[in-house]
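J.: The following comprises the amino acid sequence and a computationally predicted model.
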Amino acid sequence: MQKHGLEAPRVLNIAVSGHRKIENVAAVRRDVAIAFDLVCPFGAQLRVLSPLAEGADRIVAAEALRRHVELQCPLPFFREEYEKDFSPASREEFRALLGRAGSVFELDGEADRRAQAYLRAGQVLLSHADLLIAVWDGDRGAGVGGTADIVTRALADKIPVIWIDPTGTEPISMAALHRGRLHRLGFEALEEDLKTILTPISVNKGDPHEGLSFEIFSKERESVLSYGFIFDAFVNLLRGREGLAQIWRNAEGGGAAQAWRAIYSSNPQMEAVCTPCIEGDLAHCFARADTLAKRYAGLYRSTFLLTFMLSALAVVVAISGGDPRSLVSLLLEFVMIGLIVLLTWVANARHWHERWIEYRQLAEQLRPIRFLFPLGMPLPRRKHVRAMGERLQSSDWVHWLVARLERTVGLPNVKLDAAYLNNVSVFCTQAVIDDQVRYHTANAEKLHQVDHRLHKIGQMLFQLTAAACLGGILLILSPATLHGARWWSFVEQNRGGIELVSALVPAFGAAILGIRNVGEFRRLEHRSRAMAASLQAVGVEVEHDREREMKSARLASHCELVATQMMSETADWRTLLITRRIELPA
């Protein structure tokens with residue numbers, strides 16, 4: 001880590017798939033060494049993912065260990081069941097390699113459904129792979145979960161494949177899929193592929209989103225004095241006593257880093273298993289993104305609040321200046337208009353709105369990794385970011401960084417037995433689902449309060465405006481005999497003040513309406529209520545499954561659904577607010 005920033009994660013996960021029976025072991029070992037030599041110059045920290053089946057899996061694992069490369073082993077079964085596939089001598093070799101692995105991830109594959117178990121192990125491999133080494137003769141008839149199937153899936157997912165011939169007759173090459181047929185290619189594309197995987201995505205100078213990139217994010221200063229607190233203060237004042245109490249709770253509560261760790265506080269086993277998530281780049285990046293998102297959200301929201309309020313004040317100053325206008329009132333109005341223009345320009349020039357949206361998207365995409373990691377799961381439908389010929393979007397760097405950080409934590413060192421799965425189930429229900437339900441329920445109530453009170457204030461100001469207009473009409477049309485009355489004299493003497501109030505009320509009423517519309521409080525409230533209800537339904541399903549024999553595939557589907565809902569909610573929120581840039585009030 002840099003002292004003032006965040007380094008780009010440079011872990012390269014190399015998965016292996018291949019034949020168990022190798023015709024030319026010496027040639028394969030030579031080509032495997034060449035494969036490692038091809039990727040070493042890129043300066044990444046290498047990690048090999050190997051199930052340690054006989055043949056190719058062990059050759060690649062042995063070469064990795066010889067080079068002091070970390071080895072992680074996703075096994076299709078518990079190790080005692082998996083060993084039944086090996087002879088006594090092979091079993092000893094398996095145990096020796098497994099003992100040197102940094103992490104052993106034992107899936108709960110069923111003994112009588114071996115093909116499905118091997119397929120799932122292959123899916124785990126690919127879900128964490130940046131590069132695949134395939135020791136394969138090109139035969140497409142191996143079936144589901146075989147090397148041919150794994151290679152095809154890898155190429156479909158844009159994962160580079162180094163193809164090694166088990167007979168030693170074909171030179172080592174890259175594999176490519178074109179019109180449904182596999183071809184051997186040279187290594188010209190490998191350098192570009194690895195640079196795409198390891199190098200942060202940037203945008204070109206002059207692009208509308210040039211202010212948004214990993215480099216900018218990594219160099220952000222984490223503590224800057226600003227006026228971003230104004231919007232929160234305004235909201236808390238609207239909420240009354242409850243909002244003021246929230247200010248105290250926020251002052252006493254911990255920061256984003258503590259909140260990230262707090263999810264594990266009541267579950268020591270999950271805290272121990274998830275150490276790679278708690279200590280390292282992932283936690284640091286989440287805390288940074290969450291803190292920065294809150295800062296830029298405060299700046300953005302406070303800016304639009306100030307511009308609406310200053311616009312209303314400018315109207316009041318214009319009317320209160322007399323006729324003809326005094327120099328002081330003209331200068332005040334000019335200063336207010338200048339402040340509005342300056343605040344709007346600074347907000348857009350510094351990309352406060354985009355930074356808030358993108359940093360929040362980054363934090364919320366990292367959040368699900370905390371409960372997916374214990375099951376060795378990647379984020380659902382992870383986007384493999386490629387730069388080849390595609391126009392970069394502002395959020396591509398976010399997808400790239402999330403994928404890289406997800407790769408850095410690798411696989412947990414666990415056995416997915418019934419006791420462990422039950423504990424993960426409890427963890428997901430109590431620490432994740434229930435916590436999210438509480439958050440969205442409280443958030444919906446907060447948004448409802450703010451929207452309702454803004455609506456009431458707007459209605460009151462509208463009614464006061466209507467009353468003032470009606471009173472003025474009645475005064476103008478009143479009989480001349482009333483003009484000598486004492487109250488009429490009071491009206492005449494204070495006409496300027498009454499006109500000022502009649503201008504102030506509708507001006508601030510319009511400002512309140514603008515704040516309410518830009519804030520989207522009601523729509524966001526409905527989203528939070530829907531999210532809470534949806535998560536509660538998943539929680540009921542998890543509780544129901546816990547009463548039966550827990551299987552990792554079933555629990556994984558529940559966790560994937562929760563992660564999908566959380567990420568979809570963030571994506572919908574982004575779609576709703578991404579067009580709400582700061583603009584000059586009409």
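T.: Alright, I've got the coordinates.

J.: Please identify the buried residues of stretch 532-542?
T.: Neighbour-count burial for stretch 532-542 flags 532, 534-535, 538-539, 542 (criterion: 16 or more other CB atoms under 10 Å). Any C-beta I mention is one placed from the backbone N, CA and C, and that applies to glycine too.

J.: Just the mean pLDDT for the host helix or strand of Val48, thanks.
T.: Secondary structure from DSSP states H and E places Val48 in strand 45-49. Regarding strand 45-49, the rounded mean pLDDT is 96.

J.: Okay, now the sheet partners of that strand, with direction.
T.: According to DSSP bridges, strand 45-49 forms sheet pairs with strand 11-18 (parallel), strand 70-75 (parallel).

J.: now, of those, which is deepest in the fold?
T.: When the strands paired with strand 45-49 are scored by mean count of other CB atoms under 10 Å, the highest mean neighbour count falls to strand 11-18 (a mean of 26).

J.: List of residues touching it?
T.: Under the contact criterion CB atoms under 8 Å, 6 or more residues apart in numbering, strand 11-18 has outside partners 39, 42, 44-50, 55-57, 60-61, 64, 122, 125-126, 128-136, 147, 150-151, 154, 164, 166, 194, 197-198, 404, 407-408, 410.

J.: hmm, try it at 6 Å
T.: 44-50, 56-57, 60, 125, 128-136, 147, 150, 407-408 (CB atoms under 6 Å, 6 or more residues apart in numbering).

J.: How about stretch 85-103?
T.: So stretch 85-103 is in contact with 52, 54, 61, 65, 70-73, 83, 411, 413, going by CB under 6 Å, 6+ apart.

J.: gap between Phe334 and Trp345?
T.: Computed as CB to CB, to the nearest Å, the Phe334 to Trp345 distance reads 16 Å.

J.: Please compute how far the one helix or strand Asp545 maps to lies from its chain's middle.
T.: Using DSSP H and E, Asp545 sits in helix 521-546. Relative to its chain's centre, helix 521-546 lies at 19 Å (CA atoms, centre = their mean, to the nearest Å).

J.: Which of the strands paired with strand 45-49 sits closest to Val341?
T.: Closest approach to Val341 among these (CB to CB): strand 11-18, 46.9 Å.

J.: Beyond the closest one, next helix or strand please.
T.: By DSSP H and E, the next helix or strand past strand 11-18 is helix 25-39.

J.: quick revisit: which residues are in contact with the next helix-or-strand element following the strand holding Val48?
T.: Using DSSP H and E, the next helix or strand after strand 45-49 towards the C-terminus is helix 56-66. The contact list for helix 56-66 (CB under 6 Å, 6+ apart) reads 16, 18-19, 28-29, 32, 48, 50-52, 71, 97, 100, 133, 135.

J.: what does stretch 119-133 give?
T.: With CB under 6 Å, 6+ apart, stretch 119-133 has contacts from 12-16, 35, 49, 51, 60, 74, 76, 144-145, 150, 153-154, 159-162, 197, 376, 378.

J.: Buried subset of these, written for PyMOL?
T.: Selection of buried members from those for PyMOL, criterion 16+ other CB under 10 Å:
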select buried, resi 12+13+14+15+16+35+49+51+60+74+76+145+150+153+154+159+160+161+162+197+376+378
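
J.: Excluding chain neighbours, give the residue nearest to Gly509 in space.
T.: Excluding its sequence neighbours, the residue lying closest to Gly509 (CB to CB, 6 or more residues apart in numbering) is Leu461, at 3.5 Å.

J.: average pLDDT across the host helix or strand of the one you found?
T.: Using DSSP H and E, Leu461 sits within helix 434-477. On average, the pLDDT along helix 434-477 is 84.

J.: Could you check the pLDDT of the spatially closest residue to Leu46 that is not a sequence neighbour?
T.: Counting by CB to CB, 6+ apart, Leu46 lies nearest to Val69, which is 4.5 Å off, once chain neighbours are set aside. Looking at Val69, its pLDDT stands at 96.

J.: For this structure, give me the ranges with low pLDDT.
T.: 1-5, 141-145, 180, 202-211, 222-225, 241-254, 320-325, 381-395, 471-500, 585-586 (pLDDT under 70).

J.: Quick check: which element contains the residue nearest the centre of it?
T.: In the chain, the C-alpha nearest the mean C-alpha coordinate belongs to Gln365, at 1.9 Å (CA atoms, centre = their mean). For Gln365, the host element (DSSP H and E) is helix 352-366.

J.: helices and strands around that helix, which ones?
T.: helix 281-320, helix 396-409, helix 552-577 (3 or more CB pairs under 6 Å, 6 or more residues apart in numbering; DSSP states H and E).

J.: mind saving the C-alpha coords of the second one as CSV?
T.: Extracted in CSV, the C-alpha atoms of helix 396-409 (Å, rounded to 0.1, in the frame of the first residue of the first chain):
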residue,chain,number,x,y,z
ASP,A,396,-15.4,0.2,-16.3
TRP,A,397,-12.6,0.9,-13.8
VAL,A,398,-15.0,0.0,-11.0
HIS,A,399,-15.7,-3.4,-12.6
TRP,A,400,-12.0,-3.9,-13.2
LEU,A,401,-11.0,-3.1,-9.6
VAL,A,402,-13.8,-5.2,-8.1
ALA,A,403,-12.7,-8.2,-10.2
ARG,A,404,-9.0,-7.7,-9.2
LEU,A,405,-9.8,-7.4,-5.5
GLU,A,406,-12.1,-10.4,-5.6
ARG,A,407,-9.2,-12.4,-7.1
THR,A,408,-6.7,-11.3,-4.4
VAL,A,409,-8.6,-13.1,-1.6
